[in-house]
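Engineer: predicted model, plus sequence, below.
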Amino acid sequence: MIHEGTHGIQAQDLLHRKVRMQEGRALQLLAGRMRDTIGRALAVERLRDHAHSLREALDALLAAAHYFFHYELPKIHAWLAVAARRDPTCHDLDEQWL
């Protein structure tokens, strides 16, 4: 979930255009800084468990993003086409039928 009021078209813009801008360079830079921080934290005994957890989360995030871009993002155009038609079918259903 994307917070701070960003949803719908704003989320699509963020994920589809801005995150992928310059072949994902911004996300690559962020991940690189996180991996550098993880490397430094691994050297500090009291931070080691946190560093491992952060590395696992970062790996899962990049895998989830890969899945999203390949399997979910292509569906957006079909969903938007349905919304753009403003078909009243669901709105006009009789409550008794629900």
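Structural biologist: Sure thing, it's come through. Treat the numbers as computed from the prediction; the structure is a model and nothing was measured.
Engineer: can you show me the helices along the protein?
Structural biologist: Counting by DSSP state H, the chain has helices at residues 9-12, 21-42, 48-67, 76-85.
Engineer: now do I38, the pLDDT please.
Structural biologist: For I38, the model assigns a pLDDT of 97.
Engineer: so which of the helices of the chain gets nearest Q96?
Structural biologist: Among the helices of the chain, the nearest to Q96 by C-beta to C-beta is helix 76-85 (24.6 Å). C-beta: built from backbone N, CA, C; applies to glycine.
Engineer: one step back: can I get the helices of the chain in JSON lines including distance to L98?
Structural biologist: Rendered in JSON lines, the data for the helices of the chain read as follows (distance: least, C-beta to C-beta, whole Å):
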{"stretch": "helix 9-12", "distance to L98": "28"}
{"stretch": "helix 21-42", "distance to L98": "42"}
{"stretch": "helix 48-67", "distance to L98": "33"}
{"stretch": "helix 76-85", "distance to L98": "19"}
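Engineer: with mean neighbour count and distance to W97 added, can I get the ones you listed in CSV?
Structural biologist: Formatted as CSV, the helices of the chain follow (neighbours: other C-beta atoms under 10 Å; distance: least, C-beta to C-beta, whole Å):
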stretch, mean neighbour count, distance to W97
helix 9-12, 13, 31
helix 21-42, 13, 45
helix 48-67, 12, 36
helix 76-85, 10, 20
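Engineer: mean pLDDT for those: which is lowest?
Structural biologist: In terms of mean pLDDT, the lowest-scoring of these is helix 9-12 (a mean of 70).
Engineer: other SSEs contacting that helix?
Structural biologist: Applying 3 or more C-beta pairs under 8 Å, 6 or more residues apart in numbering; DSSP states H and E, one finds that helix 9-12 contacts no other helix or strand.
Engineer: quick revisit: so which of the helices of the chain gets nearest D92?
Structural biologist: helix 76-85 (13.9 Å).
Engineer: who touches the closest one?
Structural biologist: By C-beta atoms under 8 Å, 6 or more residues apart in numbering, the residues outside helix 76-85 that reach it are 12, 16.
Engineer: having no further points to raise, I will conclude here.
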